[in-house]
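Peer 1: the following block contains a protein sequence and its predicted model.
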Amino acid sequence: MNKQELKELLDKVSSGQISCDEALSVIRTEPYEDLGFAKVDHHRGVRQGAAEVIYGAGKTSEQIEKITVSMLNHGESSVLITRMSSDAADFLKNSVPLKYDTLSKIGIAGEVPQNNNIGNIVIASGGTSDIPVAEEAALTAEFYGNKVSRLYDVGVSGIHRLMDNIDVISNAKVIIAVAGMEGALASVIGGVADCPVIAVPTSVGYGANFGGLSALLSMLNSCASGVSVVNIDNGFGAGYLANMINKIGE
């Protein structure tokens, strides 16, 4: 149940379509469902405006299936699953409709949400190797109804590729900069953009990259104003935050 559905339920009580006891029986079952291995938070949509998202890594295919079915049975029309293996996706397809993207490892169970193309989130990647993380951010933002513009392989080693798209950057409401190596892309974009920039360090790079730590520290030390940083390879976190920023005032 999300905020809009709760409002509609209360409107029905107000208009006399249903009784207080009927509404209470619906709300009472909402907080969470204990599956033993997981307590599925069915009230998150009311509290935060968006339902719980399933983090697939570390979960068995059976666990993902049971959590997904629980959410669908409690009124969610769509369930977002991140870091989902192809084996888990094949397993889940036997019980629920599923759209799965092998590149980003994003799964959408149930109905594919309508994309309302709200605002404009620009997602830029330093290199082609950063695209899986960038796509995790992009598909997350699109899941929540945002317009997404992709600028891939526009890293600073060929900065003219980025500058050729300065009009796209200028029209963004929020920008996600995804880069490994030394992570300079976020600072460059932050220096030319007039909107918030969310930096995503990736684990792409050679040995001294330390699994993305060098990019993370570079982004944290950016001299450009308006740059915030999420964790290494956290495309989902960036896409979710960009969604929240993009919808302010909508």
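Peer 2: Received, thanks.
Peer 1: mind giving me the packing neighbours of the longest strand that the chain contains?
Peer 2: Secondary structure of the chain read by DSSP state E shows that its longest strand is strand 118-125. With contacts defined as 3 or more Cβ pairs under 8 Å, 6 or more residues apart in numbering; DSSP states H and E, the packing partners of strand 118-125 are helix 131-143, strand 146-151, helix 166-170, strand 174-179, helix 185-192, helix 235-246. In this view, the C-beta of every residue, glycine as well, is placed from N, C-alpha and C.
Peer 1: so which of the ones you listed gets nearest residue 38?
Peer 2: The closest of the helices and strands packed on strand 118-125 to residue 38 is helix 235-246. By Cβ to Cβ, the value is 18.2 Å.
Peer 1: tilt between that closest one and helix 131-143?
Peer 2: 40 degrees (axes from the mean of the first three to the mean of the last three Cα atoms, to 10 degrees).
Peer 1: to the chain's geometric centre, what's the distance from helix 235-246?
Peer 2: 6 Å (Cα atoms, centre = their mean, to the nearest Å).
Peer 1: got it, and stretch 193-208?
Peer 2: 16 Å.
Peer 1: got the end-to-end distance for it?
Peer 2: In stretch 193-208, first residue to last residue: 30 Å (Cα to Cα, to the nearest Å).
Peer 1: go on, stretch 157-166?
Peer 2: End-to-end for stretch 157-166, by Cα to Cα: 17 Å.
Peer 1: list the buried residues for that stretch?
Peer 2: residue 162 (16 or more other Cβ atoms under 10 Å).
Peer 1: then stretch 123-139?
Peer 2: 123-127, 129-139.
Peer 1: start and end of it, how far apart?
Peer 2: Stretch 123-139: ends 11 Å apart by Cα to Cα.
Peer 1: how distant is that stretch from the center of its chain?
Peer 2: Using Cα atoms, centre = their mean, the offset of stretch 123-139 from its chain centre is 12 Å.
Peer 1: quick one: mean pLDDT for that stretch?
Peer 2: For stretch 123-139, the mean pLDDT works out to 96.
Peer 1: start at 6 instead
Peer 2: With the count now opening at 6, the last piece we talked about shows up as stretch 128-144.
Peer 1: what sits up against it?
Peer 2: 87, 106, 108-111, 146, 153-161, 167, 174, 180-186, 188-190, 194, 205, 207, 209, 238-241, 243-244, 247 (Cβ atoms under 8 Å, 6 or more residues apart in numbering).
Peer 1: host element of the closest residue to residue 66 other than its chain neighbours?
Peer 2: Distances taken as Cβ to Cβ, 6 or more residues apart in numbering put residue 96 closest to residue 66, at 3.8 Å, once the chain neighbours are dropped. Secondary-structure assignment from DSSP states H and E places residue 96 in helix 91-97.
Peer 1: same check on residue 200?
Peer 2: Residue 200 belongs to no helix or strand, assigned by DSSP H and E.
Peer 1: ditto for the one 5 residues further on
Peer 2: Taking DSSP H and E as the definition, residue 205 sits inside strand 202-206.
Peer 1: which helices and strands sit right next to that strand?
Peer 2: Packed next to strand 202-206, using 3+ Cβ pairs under 8 Å, 6+ apart, are helix 136-148, strand 179-184, helix 190-197, helix 218-225, strand 232-234, helix 240-251.
Peer 1: if we can go back for a sec, if I look at the residue nearest to residue 66, how far off is residue 69?
Peer 2: 8 Å (Cβ to Cβ, to the nearest Å).
Peer 1: who's more crowded, these two?
Peer 2: residue 69 (24 against 16; other Cβ atoms under 10 Å).
Peer 1: ok, now which ones touch the most centrally placed residue in the chain?
Peer 2: Among the residues of the chain, the one closest to the centroid is residue 145, at 3.2 Å (Cα atoms, centre = their mean). Taking Cβ under 8 Å, 6+ apart as the criterion, residue 145 is in contact with 85, 87, 111, 240-241, 243-245, 248.
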